[in-house]
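# Sharing a sequence plus its predicted fold:
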2 protein chains.
Amino acid sequence: MTEAAMQEAAMQAPQDSTTYERTDRNVPTRSAERASYDRDLVHSILDEAYLCHLGFVRDGAPVVLPTLFARQGEHLYVHGSTGSRPLRGATRQDPGLPVCLTVTHVDGLVLARSAFHHSMNYRSVVVHGVARPVTGTEEKRAALDAIVDHVVAGRAADSRPANTKELAATAVLRLDLTEVSAKIRTGGPSDDDEDMGLPFWSGVVPVSRHYGTPIPADDLTDGIAPPSYLPGS
Amino acid sequence: MTEAAMQEAAMQAPQDSTTYERTDRNVPTRSAERASYDRDLVHSILDEAYLCHLGFVRDGAPVVLPTLFARQGEHLYVHGSTGSRPLRGATRQDPGLPVCLTVTHVDGLVLARSAFHHSMNYRSVVVHGVARPVTGTEEKRAALDAIVDHVVAGRAADSRPANTKELAATAVLRLDLTEVSAKIRTGGPSDDDEDMGLPFWSGVVPVSRHYGTPIPADDLTDGIAPPSYLPGS
């Protein structure tokens, strides 16, 4: 199948509430067979991450910044100082700031016999949409809790909640999950038949995230043990 | 010092050949004290990564895609199929495609006593510039080798080099390191004085990349051992 035909087929695949809608923007022109619109899969990739790369346009040029985020149902939240550029941009603009929010997990280095077929095993999600400032205090508070809990599940309830001054100093943007796609590569290398006899090792080097032993703050009050919800503990 | 004053001070700091030039675009409006323009530091952050997030503008909206890259001196290279959107965009456009290329390493989860002061330890590099297609065969070949070696050092020489057909099917973009900044956070949480007595654990959970035992391809020729340059082996 040609790339164009694969894209066409993907656009016409059955759609229901368990999948995100396919659009011209979220059906890739390349490797469309690696794309998925499955909600559960998208959610799982997003929830395993706490860092995203947020893209927006400033003065006509692209800007990509790493930032923490969290998912709550079909909404994503990012936060930042009310003085930061994207947050100011979103607050100034009506009806919001066009963004692209991308999350990527690297799962393996794929070494083929040919340099050309080297690749990575990965899971990524790309979300297109318009980020809008969250103005309601309750939604803002819930979003900030979700961001803390996205980093370490259970932590929001085991820390001092934001006070009124902190809430006022924090801008939160919401991005709805409507134009979304996941892309996944798994498995071993795909060498060409004529390369099979070459004397080069081929295979996959697994890559994963590792948590070390928690390091207490220098000024931690004596007698407070690392909580059981910490990764690496 | 106010944010504006810090930005002003950063703009006026001494500059020489060991640092990148400060511009309105690469001096952050927030946490300017975490920014660095040191070439060696920027290079080390870039070289420890193989994946970047590449942002560009399509139809007026931002797009952020994960992709492999490599550094050669003061040039970055990304590659892709000649059919992919950013690559087509760069080839079509004169004088190139405005991009923002961002690399982020997460080094730790920073848990403060207050939800507000939760943070991450990280090292990131943001590169603004215009990506231009590499047309010379030799530079293209060297860039592709560099991308393979960026993933696993030593691998390019131990695999079949790209042939003429593969070179023709691969587009390579070059982005010069001119408008560049690094941003780094290290160390423990920074709680407010009045929170020091709160009964919450605070500290840092270290995060690092872990390589598992290499998995040979199903069709690997018998007798080929994993090479010593593999991580995880």
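It's in.
# what's the helix or strand for the residue most central in space within chain A?
The central residue of chain A, meaning the one whose C-alpha is nearest the mean C-alpha position (C-alpha atoms, centre = their mean), is A:Val103 at 2.5 Å. Counting by DSSP states H and E, the element that carries A:Val103 is strand A:97-111.
# Is there proximity between whichever helix or strand comes after that strand and chain B?
Using DSSP H and E, the helix or strand that follows strand A:97-111 towards the C-terminus is strand A:119-133. Yes. Contact between strand A:119-133 and chain B is present through A:Met120, A:Tyr122, A:Ser124, A:Val126, A:His128 (criterion: C-beta under 8 Å from any C-beta of the partner chain). Backbone N, C-alpha and C define where each C-beta goes, glycine included.
# who does strand A:119-133 pair up with?
Its sheet considered, strand A:119-133 pairs with strand A:97-111 (antiparallel), strand A:170-176 (antiparallel), strand A:179-185 (antiparallel) by DSSP bridges.
# can you pull out the strands in chain A?
A:35-36, A:51-58, A:61-72, A:75-81, A:97-111, A:119-133, A:170-176, A:179-185, A:203-211, A:215-216 (DSSP state E).
# For the last one, name the packing helices and strands.
In terms of contact count using 3 or more C-beta pairs under 8 Å, 6 or more residues apart in numbering or on different chains; DSSP states H and E, strand A:215-216 is assigned the packing partners strand B:203-211.
# Kindly check the end-to-end length of stretch A:189-209 for me.
When the termini of stretch A:189-209 are compared using C-alpha to C-alpha, to the nearest Å, they are 22 Å apart.
# mean confidence score for it?
Per-residue pLDDT values across stretch A:189-209 average out to 96.
# ok now do A:Thr221, which residues does it touch?
Contacts for A:Thr221 (C-beta atoms under 8 Å, 6 or more residues apart in numbering or on different chains) come out as B:Met196, B:Gly197, B:Pro199.
# about what we covered before: generate a markdown table for the residues of strand A:119-133 next to chain B, with pLDDT as supplementary columns.
Below are these laid out as a markdown table (pLDDT from 0 to 100):
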| residue | pLDDT |
| --- | --- |
| A:Met120 | 95 |
| A:Tyr122 | 97 |
| A:Ser124 | 97 |
| A:Val126 | 97 |
| A:His128 | 97 |
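# got any ranges where chain A has weak pLDDT?
Applying pLDDT under 70 to chain A flags the ranges A:1-16, A:30, A:81-94, A:233.
# let's see 80
Low-confidence segments of chain A, defined by pLDDT under 80, span residues A:1-16, A:28-33, A:80-95, A:232-233.
# name the helices or strands packed onto the longest helix along it?
In terms of residue count, the longest helix belonging to chain A (DSSP state H) is helix A:137-151. In this structure, helix A:137-151 makes packing contacts with strand A:61-72, strand A:75-81, helix A:164-169, strand A:170-176, judged by 3+ C-beta pairs under 8 Å, 6+ apart.
# other SSEs contacting the second one?
Just to be clear, that refers to strand A:75-81. For strand A:75-81, the elements it packs on are strand A:51-58, strand A:61-72, helix A:85-92, helix A:137-151, strand A:170-176, judged by 3+ C-beta pairs under 8 Å, 6+ apart.
# now the shortest one
Contacts of helix A:164-169 with other secondary structure elements, assessed using 3+ C-beta pairs under 8 Å, 6+ apart, are made with helix A:137-151.
# Outside of the helix it packs on itself, list whatever touches it.
Residues beyond helix A:137-151 that count as contacts (C-beta under 8 Å, 6+ apart) turn out to be A:47, A:50, A:68-72, A:77-79, A:134, A:155-156, A:159, A:161-162, A:167, A:170, A:172, A:174, B:109, B:115, B:118, B:120.
# Restricted to buried residues, select the residues you listed in PyMOL.
Command for PyMOL that selects the buried part of the contacts of helix A:137-151, burial taken from 16 or more other C-beta atoms under 10 Å in any protein chain shown:
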select buried, (chain A and resi 50+68+69+70+71+72+77+78+79+134+155+156+159+162+170+172+174) or (chain B and resi 109+115+118+120)
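# Please tell me how far the strand holding A:Val103 is from the chain's geometric centre.
Averaging C-alpha coordinates over strand A:97-111 and over its chain gives two centres that are 7 Å apart (C-alpha atoms, centre = their mean, to the nearest Å).
# Over to stretch A:104-117?
Going by C-alpha atoms, centre = their mean, where stretch A:104-117 is centred and where its chain is centred differ by 21 Å.
# what's the span of it, first residue to last?
Using C-alpha to C-alpha, one end of stretch A:104-117 lies 20 Å from the other.
# show me what contacts the residue sitting furthest away from the middle of chain A?
Outermost residue of chain A with respect to the C-alpha centroid, by C-alpha atoms, centre = their mean, is A:Gly197; its distance is 39.3 Å. Residues near A:Gly197 by C-beta under 8 Å, 6+ apart: B:Thr221.
# repeat for the one 10 residues further on
With contact set as C-beta under 8 Å, 6+ apart, A:Val207 has these partners: A:Val106, A:Asp107, A:Gly108, A:Leu109, B:Arg209, B:His210, B:Tyr211, B:Gly212.
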